[in-house]
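*Asks:* Quick one: sequence and predicted model below, then my questions.
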There are 2 protein chains.
Amino acid sequence: PVMAKDKAVEFATRVRKLGQDDPRRVIHSLKVGLALTLVSLVYYVRPFYDGYGISGIWAVVTVVVVFEFTVGATLSKGINRGCATLLAGALGIGSQYLACLFGKQGEAIVLASLVFLLGATATFTRFFPRIKARYDYGVLIFILTYSMVAISGYRVHELIQLAHQRLTTILIGGATCVFVAIFVCPVWAGEDLHRLIAGNIDKLADFLEAFGGEYFQCLDEINEKSKTDKTCLQRYKTVLTSKNIEESWANWARWEPAHGRFRYRHPWKQYLKIGALARQCAYQIATIHGYVCSDAQVPCAFKRIIEAPSMKVSSEASKALRTCASAIKQMAEPSCASLYVENAKSAVEELKAALGAAQLDDSVDLLEIVPAATVASVLIGIVDRVEEVCEE
Amino acid sequence: PVMAKDKAVEFATRVRKLGQDDPRRVIHSLKVGLALTLVSLVYYVRPFYDGYGISGIWAVVTVVVVFEFTVGATLSKGINRGCATLLAGALGIGSQYLACLFGKQGEAIVLASLVFLLGATATFTRFFPRIKARYDYGVLIFILTYSMVAISGYRVHELIQLAHQRLTTILIGGATCVFVAIFVCPVWAGEDLHRLIAGNIDKLADFLEAFGGEYFQCLDEINEKSKTDKTCLQRYKTVLTSKNIEESWANWARWEPAHGRFRYRHPWKQYLKIGALARQCAYQIATIHGYVCSDAQVPCAFKRIIEAPSMKVSSEASKALRTCASAIKQMAEPSCASLYVENAKSAVEELKAALGAAQLDDSVDLLEIVPAATVASVLIGIVDRVEEVCEE
């Protein structure tokens, strides 16, 4: 029983942490519950129930399947579902008409081959990258509805009634979802994307800020300090793998109506470009990070030579990135970023000069210069590019 | 009409390319059509239809929703769907019993609050990363089925009949999917993962092989040659972003039964480890690639000095990676990889010596040594690690 209690406590802390990390998760869960309860009213309000009966179930299905974390995703799924149902329903009824012309025996064969043909074709279209990204769910619902209508064996006039009921219930379900998603503590994919990109650039700046201090301390200090600010150096890692999240959020953001500071047709693609540049920058940082972590002994004397200019390069680059990040956050021109970039560039010149001086000293192992020189020469280019794109 | 024709031709070539890139896509589409047609037989075979009637629709729904590209994904979705329906159905019927005790008025309130509570809780569990990865679909279906059963307003004895029908039809649909997925040209997620990982390591080897030739040619040759083998240098880029694919395939692979050379409980996690190492390696390569592409003028004289040892380092590292890749493909110990690693290590020593010699020559810009030195010192460590993990 003690072990079970421990486990329960552990579980509870994990649940709490999950909620604290992003309180919107809790709110989202409550919103789903709310939408479900709202839709279930359809069953309790007599006139509705008499009208729709068992078909009302589709409203519930729609809510469960369509309600997503962000407004954009919910809208995208809802619109996909609605349009696909409409189209597939119309096609299905058409197919039934067509099949009727072939007599009782031919009907089954015609319908079966139509289902095979349309099912296979629609499945194939799901492999197109662009359809996969935006209309995957719609195609799925298209196949589903078409097969259901074509196979069900109903007569046409029954079908039209069924189609009418299904469409209305899906509309009720979809409208409930969209209403709750937009008006009860909305989570906008666009805003999240905006924050993610700015946050990623901030994370890179964190690394550059902490890097100098971490790399240039000599062995005797390392043991005490290394545990304290290692987290700053780890944070950039999420940037490396954020591509998929960025892309799906940008996809959803496109479905969202104007909200807050975001107009309709906000240039979401710009974010993807900035994100890609930030990722390239993160790749370089991953290389440098390898050197910070490695046990390779670097003569302290040599580190001292390059310390000052390297520190300056990384801190100026870090400041430039931070300015860009806050400019993105406030949607302003990154005014003083170019100043920092200039500073970083002149620091690079200093670093080059220091390296040139070190070159004359034969006791130095050249391989150890690599990380500092890499950060210097590479970051300049990257910062430049980030700055370019910031001018949205 | 000419423009329309052009567009049609363009579209046709794109479709053909999509099919040629991976012919299994075409086969998959046909398989979905086949499964749909098979399930629709339920409607045409009289005894089935008389037994299930409109409930038979769930078999169609199951096929459309569950059938995925790989066997593992299909099995995972099918099992998730089956178990979730069973569990949610049982709970739903239990809730109906419970609600009956509260009289006509209380019933609706009790059911509505239960739906709210369970819907919200289940939605929240979807945020747990582990549940999200493996049971996301199951939880969705759980909410769906529970709400349907709890809300539908059926009496209990009707419900049991409905539940029985729904389970059987889902079983029919799921079994059809699994049968077609496994026995008609199966696509195994495990095999794809296996091939992806080996292919990724091969791509890294491609880069290293081509890198030397590309980087050390001087300006006059560049214009002619650069277009020919640039593709070798680009291929590694897919490795950078393959994390999500690897993870989902590894997830699906875990659901697959033993097949071909893969036993049940094959160490799929090892693949993820190797994949992560390959990705770290790719980050370094991205850094080097930046130098290959940059326009920075490097004195040819200096390039000549480091050319021979750098070429050797990268070609030996490339051979080591290639050996690892083919060892993974054949599931054998990478026997001669360690030999190449040794060669690469001794080449690094040569490169260091060459750099030491160059150091004395003051005309050299040190920053230009960076890429070569980076590739040398970093790759050794990476190749070592890849080799370690290859011993699965």
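*Replies:* Yes, it's here. Numbering: from 1, shown residues only, chains lettered A, B, ... in the order given.

*Asks:* Using the centroid of chain A, identify the residue furthest from it.
*Replies:* Largest separation from the mean C-alpha position in chain A: A:Gly103, at 52.4 Å (Cα atoms, centre = their mean).

*Asks:* Share the number of residues neighbouring A:Ser314, please.
*Replies:* A:Ser314: 26 surrounding residues under other Cβ atoms under 10 Å in any protein chain shown. For every residue, glycine as well, the C-beta is placed using N, CA and C.

*Asks:* Is it correct that it is in contact with A:Glu209?
*Replies:* Yes - here A:Ser314 reaches A:Glu209: they are 7.4 Å apart, a contact under Cβ atoms under 8 Å.

*Asks:* mind listing the helices for the stretch 201-350 of chain A?
*Replies:* Under the criterion DSSP state H, counting those that start in this stretch, the stretch 201-350 of chain A contains helices at A:219-225, A:230-234, A:237-240, A:243-253, A:268-293, A:300-330, A:337-359.

*Asks:* actually the stretch 1-150 of chain A, sorry about that
*Replies:* For the stretch 1-150 of chain A, helices defined by DSSP H, counting those that start in this stretch occupy the ranges A:2-21, A:24-44, A:46-52, A:57-66, A:71-100, A:103-125, A:129-151.

*Asks:* What is the neighbour count of A:Arg25?
*Replies:* Residues near A:Arg25, counting by other Cβ under 10 Å: 18.

*Asks:* Give me the distance between it and B:Arg126.
*Replies:* Look at A:Arg25 and B:Arg126: by Cβ to Cβ, to the nearest Å, they are 9 Å apart.

*Asks:* quick one: A:Gly173 from A:Glu350, how far?
*Replies:* In this view, A:Gly173 and A:Glu350 are 65 Å apart by Cβ to Cβ.

*Asks:* who has more neighbours, those two?
*Replies:* A:Gly173 (30 against 16).

*Asks:* Just the mean pLDDT for stretch A:19-31, thanks.
*Replies:* Across stretch A:19-31, pLDDT averages out at 84.

*Asks:* What residue, apart from its backbone neighbours, is nearest the closest residue to chain B within the stretch 101-250 of chain A spatially?
*Replies:* Closest to chain B within the stretch 101-250 of chain A is A:Ala120: 3.6 Å, counting by Cβ to the nearest Cβ. Of all residues not flanking A:Ala120 in the chain, B:Gly33 sits nearest, at 3.6 Å (Cβ to Cβ, 6 or more residues apart in numbering or on different chains).

*Asks:* count of residues packed around that neighbour?
*Replies:* B:Gly33 has 24 neighbouring residues, counting by other Cβ under 10 Å.

*Asks:* What separation do you get for it and B:Asn244?
*Replies:* 29 Å.

*Asks:* and the closest residue to A:Ala282 other than its chain neighbours, how far is that from A:Arg279?
*Replies:* If the residues on either side of it in the chain are set aside, A:Ala282 comes closest to A:Val239, at 4.1 Å by Cβ to Cβ, 6+ apart. For A:Val239, the distance to A:Arg279 equals 6 Å [Cβ to Cβ].

*Asks:* Neighbour count: the two, which is higher?
*Replies:* Neighbours around A:Val239 and A:Arg279, counted as other Cβ under 10 Å, are more numerous at A:Val239. The numbers are 25 against 20.

*Asks:* ok, now which ones touch that one?
*Replies:* Going by Cβ atoms under 8 Å, 6 or more residues apart in numbering or on different chains, A:Val239 touches A:200, A:203-204, A:278-279, A:282.

*Asks:* Look at it and report its pLDDT.
*Replies:* According to the predicted model, the pLDDT of A:Val239 comes to 80.
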